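**Student:** no letters, just coordinates:
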Ligand SMILES: [Zn+2]
C-alpha cells in the first residue's frame, strides 16, 4: 500500500465511499471463482481492499452470523453438552459404585452379625447342653449306697410313684436300653464328661440305645420291675462301661450340683 493510498484513507466523505463501491464488485466479477468457504470468509478492509482470510469470520458485512460460525458454535455447544453428559455419567457411575460398595459393606456387617449371633446361640446351646439336672423331680432316698442285707448296694434308691417321669441328667448318649435281670427295665447313659448313669426298675423306656439325649430329655418312667420291692428309681453310677466300678452317688451328685 502506497503512502498516497494510505493518506487517502483520511479523505473524508464521497471519495472513500466511491472507492469501496468501485473495487468490491470488480474483484467478484473478474471471473475468479472462490471456493464456498473462502467466499464466506471474504471481507473488505477499511480501505476497500478485498481479502480472503483463512480463519473463518464470525460475522459478515451485515453483522449476521456466518453459516460456518453457526456450525462451529453449534459444534462447540454439542461438545459442551457431551462433556457435561459424560461428567454426569461419571458422577452417576461413581455414585452407583459407592452405593454397591456400601451395600457390600452392609451385607458383610449383616453376615458378621448373623455369624456372631449363631456362634453365640451355639455357645449358649452348648452351655445349656452341659448343665446338669436331677433324674427325678422328687428327691426321697429310701436306700443308700453300700452294704445292705449282707451285700453291697451299688446305687441309691429314690422312692417315687410308678409313672413318674425320668430324665437324662445332661447331654449324652444312651448306651443301653432294655431288660436286665434284677434291674428290670434299665437305661444306661454315657454323659459328655465321661460319667455313666444307670436307671433301674423302670416301668417304661422311652429311648433306645445310641440315642442322643440332652439335660431333661425324658427317658422313661419310674416303675417296680425286676428285683424290686416297691416303686422306686435305682440310681447308680459307673466309672467305666465295664460295669464293675460303681461310684458312691452322693459325692457325685454333690460334685454336679444336684444334691
Ligand atoms: Zn437300688
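**Tutor:** Nice, thanks for sending it over. Keep in mind that what you see is a predicted model, and the values were worked out from it rather than measured. Residues are numbered from 1 along each chain as shown.

**Student:** please enumerate the helices of the protein.
**Tutor:** Using DSSP state H, the helices found in the chain span residues 3-8, 14-28, 36-40, 67-129, 249-255.

**Student:** of those, which is nearest the ion?
**Tutor:** With Cβ to the ion as the criterion, the ion lies closest to helix 249-255 of the helices of the chain, at 10.1 Å. Just so you know, the C-beta spots here come from the backbone N, C-alpha and C atoms, and that holds for glycine as well.

**Student:** contacts only, for whichever residue of the chain sits closest to the ion.
**Tutor:** For the chain and the ion, the shortest gap (Cβ to the ion) falls at residue 234, measuring 3.4 Å. Contacts for residue 234 (Cβ atoms under 8 Å, 6 or more residues apart in numbering) come out as 155-157, 183, 198-201, 228.

**Student:** so which of those residues are also by the ion?
**Tutor:** Counting by Cβ under 5 Å from the ion, 155, 157 from the contacts of residue 234 sit close to the ion.

**Student:** in strands, which of the contacts of residue 234 appear?
**Tutor:** In this view, those that belong to strands under DSSP state E are 155-157, 198-201.

**Student:** of those residues - the most surrounded one?
**Tutor:** If you count neighbours using other Cβ atoms under 10 Å, the busiest of these is residue 199, which has 29 neighbours.

**Student:** break this structure into its domains for me.
**Tutor:** Listed by automatic domain parsing, the domain ranges of the chain are 3-55, 141-255.

**Student:** and the ones you listed, which one's lowest on average pLDDT?
**Tutor:** Lowest mean pLDDT of those: domain 3-55, a mean of 47.

**Student:** who in the stretch 101-250 of the chain is up against the ion?
**Tutor:** 155, 157, 234.

**Student:** any chance of these in a markdown table, with distance to residue 112 too?
**Tutor:** Shown next, in a markdown table, are those (distance: Cβ to Cβ, whole Å):
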| residue | distance to residue 112 |
| --- | --- |
| 155 | 50 |
| 157 | 53 |
| 234 | 51 |
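
**Student:** out of those, which comes closest to residue 243?
**Tutor:** residue 155 (12.2 Å; Cβ to Cβ).

**Student:** who touches the nearest residue to residue 73 once chain neighbours are set aside in this structure?
**Tutor:** Closest residue to residue 73 apart from its sequence neighbours, by Cβ to Cβ, 6 or more residues apart in numbering: residue 65 at 7.7 Å. By Cβ under 8 Å, 6+ apart, residue 65 lies in contact with 58-59, 73.

**Student:** now the buried members of these.
**Tutor:** Among those, none counts as buried by neighbour count (16 or more other Cβ atoms under 10 Å).

**Student:** between those residues, which is closest to residue 86?
**Tutor:** Distances from residue 86 to those, taken as Cβ to Cβ, are shortest for residue 73 (20.3 Å).

**Student:** got the contact list for the residue lying closest to residue 223 once chain neighbours are set aside?
**Tutor:** Nearest non-adjacent residue to residue 223, counting by Cβ to Cβ, 6+ apart: residue 203, 2.6 Å away. Neighbour list for residue 203: 162-163, 185, 220-225, 231 [criterion: Cβ under 8 Å, 6+ apart].
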